[in-house]
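> from the sequence below, what's the structure:
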Amino acid sequence: MLSSLLLLTALAQAPLDGSYIGSLTVQGATLRLGLELKTTDGKLAAQLTSIDQGYAKLPPATTNWDGSTLQFAVPT
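Coordinates of the predicted model:
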């Protein structure tokens, strides 16, 4: 099983909840991605959306935040 790992270094103590847009280039193709982050009851949840693939929802298998770095893995 292949997986993608995105590593995001956040500003010191900045709140993460919100919407983020970026791109991923793989084998010469660039895909626009949306990332939604939401904290509920102290637990951070993530939802990745592939805009260029019909807004396909890609739920991360894992989401970890250590106070300065966000990591999540998306199975493909």
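> when you work out contacts or count neighbours from here on, use the C-alpha atoms and nothing else.
Will do.
> measure residue 66 to residue 48 for me?
Look at residue 66 and residue 48: by CA to CA, to the nearest Å, they are 19 Å apart.
> for the longest strand anywhere in the chain, packing partners?
Longest strand in the chain by number of residues (criterion: DSSP state E): strand 29-40. Counting contacts by 3 or more CA pairs under 8 Å, 6 or more residues apart in numbering; DSSP states H and E, strand 29-40 packs against strand 18-26, strand 43-50.
> how big is the angle separating that strand from strand 43-50?
Relative orientation of strand 29-40 and strand 43-50, computed by axes from the mean of the first three to the mean of the last three CA atoms, to 10 degrees: 160 degrees.
> strand 18-26 and strand 29-40, what's the angle between them?
Using the same axes, to 10 degrees, strand 29-40 lies at 150 degrees relative to strand 18-26.
> run me through the strand neighbours of strand 29-40, direction for each.
Neighbouring strands of strand 29-40 in its sheet, by DSSP bridges, are strand 18-26 (antiparallel), strand 43-50 (antiparallel).
> can you tell me what sits against the shortest one?
The reference is to strand 43-50. Residues outside strand 43-50 that contact it (CA atoms under 8 Å, 6 or more residues apart in numbering): 31-39, 55-60, 63-65.
> can you say which of those residues are buried?
33-35, 37, 58-60, 63 (16 or more other CA atoms under 10 Å).
> for the chain, what helix or strand is lowest in average pLDDT?
Lowest by mean pLDDT, DSSP states H and E among the helices and strands of the chain is strand 3-9, with a mean of 43.
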